[in-house]
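**Student:** From the sequence below, what's the structure:
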Amino acid sequence: MIVYASNWVSGAIPPELVNINDEDLEAFMEVVHGLGGDSLDFILHSPGGSAEATEALVKYLRSKFSDIRIIIPHIAMSAATMLACASNRIVMGSHSFIGPIDPILILNGQAIPAQAILDQFELAKKQCQDPKMLGTWLPILGQYGPGLLVQCRNAIDLSKSLESDWLKQYMLAGTTKAGLRASKIARYLSNHKNFKTHGRHLDKVLAKKIGLKVEDLEADPKLEDLVLTVYHACSHTFSATGTAKIVENHLGKAFIKRSQRIQMITPLSFQLPPGPPALPPAPSPAPAQPQQPPP
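**Tutor:** Coordinates of the predicted model:
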């Protein structure tokens with residue numbers, strides 16, 4: 001068993017430290033080493049990240065394991081959804097979610113769906129047929145660097161092709177019309193117009209409806225308890241230590257990514273300025289004399 005969990009839900013850690021990236025391959029090389037057998041249980045909690053890095057992870061894990069079951073205790077979005085779809089089956093609870101796989105591009109410091117950029121350009125072409133609209137659109141179109149539109153189309157095509165290939169090769173292997181079904185699922189998940197936002201949460205009901213092979217976590221109470229225990233242990237570690245990412249196997253071998261922006265702050269020591277001189281102590285009162293009772 002391997003857990004791959006990122007500290008991203010709180011928003012306290014920079015995205016570059018929690019997203020799927022090429023460094024993760026080193027982490028998986030560390031935790032896969034020494035594991036035997038062809039089957040892997042993979043607990044996944046991630047916001048996603050690089051499609052290219054995800055492709056490298058899939059190639060590596062598939063070179064080591066022929067049967068992979070990915071368990072989502074909470075959320076696996078974007079490229080993490082793609083990673084989940086490269087498994088033989090996904091395990092989800094009523095509290096588990098995947099997300100759309102339409103790619104996001106960083107433009108002027110903002111994360112923008114590639115499809116939104118293409119749609120905006122098409123809208124500009126239509127409206128700029130009216131010369132009065134040129135003044136409105138020129139500042140916006142000035143943001144588009146050379147090759148941006150082609151880059152958007154290539155990124156969308158890459159997400160669809162990777163998703164379709166993995167579904168056909170692994171999750172839907174041996175089923176009727178596997179290629180057609182895989183392409184249909186990939187087109188649906190990569191179509192930004194279906195979800196309106198890249199952060200849309202898709203539950204297990206929808207995941208089953210579109211054709212993914214999904215098992216219910218609640219069907220095995222013992223497994224559910226074990227999975228959520230691991231997930232909550234990761235959550236407590238994140239909140240207590242500022243850890244950005246945990247990749248660990250069931251033998252305790254782990255790769256831990258710490259946030260460099262989390263610092264321990266030591267209170268400054270200082271002395272109060274001298275105050276006025278102390279007054280001499282007041283004299284102690286005389287002890288009370290015993291009184292004689294009246295005759």
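**Student:** Pretty sure Arg44 sits in a strand.
**Tutor:** Arg isn't right for residue 44; it's Leu. Yes: under DSSP: H, G, I helix; E, B strand; the rest coil, Leu44 sits within a strand.
**Student:** for the stretch 101-250 of the chain, what spans make up the helices?
**Tutor:** Along the stretch 101-250 of the chain, counting by DSSP state H, counting those that start in this stretch, helices occupy 114-127, 134-141, 148-166, 178-190, 204-209, 221-241.
**Student:** Could I get these in CSV, plus columns for distance to Tyr4 and mean pLDDT?
**Tutor:** Any C-beta I mention is one placed from the backbone N, CA and C, and that applies to glycine too. What follows is the helices of the stretch 101-250 of the chain, written out as CSV (distance: least, C-beta to C-beta, whole Å; pLDDT from 0 to 100):
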stretch, distance to Tyr4, mean pLDDT
helix 114-127, 25, 88
helix 134-141, 39, 79
helix 148-166, 17, 94
helix 178-190, 20, 97
helix 204-209, 19, 97
helix 221-241, 10, 95
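**Student:** Make a markdown table from those helices and add distance to Arg89 and mean neighbour count to it.
**Tutor:** Output for the helices of the stretch 101-250 of the chain, formatted as a markdown table (distance: least, C-beta to C-beta, whole Å; neighbours: other C-beta atoms under 10 Å):
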| stretch | distance to Arg89 | mean neighbour count |
| --- | --- | --- |
| helix 114-127 | 29 | 16 |
| helix 134-141 | 45 | 12 |
| helix 148-166 | 13 | 18 |
| helix 178-190 | 14 | 19 |
| helix 204-209 | 11 | 16 |
| helix 221-241 | 13 | 15 |
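**Student:** Save those helices as TSV, and put in distance to Ile2 too.
**Tutor:** Formatted as TSV, the helices of the stretch 101-250 of the chain follow (distance: least, C-beta to C-beta, whole Å):
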stretch	distance to Ile2
helix 114-127	31
helix 134-141	45
helix 148-166	18
helix 178-190	24
helix 204-209	22
helix 221-241	10
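**Student:** Can you say which of those is nearest to Asp38?
**Tutor:** Closest to Asp38 of those is helix 148-166 (C-beta to C-beta; 17.9 Å).
**Student:** Does anything pack onto that closest one? Which helices or strands?
**Tutor:** Judged by 3 or more C-beta pairs under 8 Å, 6 or more residues apart in numbering; DSSP states H and E, helix 148-166 is in contact with helix 51-64, helix 79-84, strand 104-107, helix 114-127, helix 178-190.
**Student:** Please list the residues outside the least confident helix or strand in the chain by mean pLDDT that contact it.
**Tutor:** Across the helices and strands of the chain, mean pLDDT, DSSP states H and E gives its lowest value to helix 134-141, namely a mean of 79. Contact with helix 134-141 is made by Gln120, Phe121, Ala124, Gln127, Cys128, as judged by C-beta atoms under 8 Å, 6 or more residues apart in numbering.
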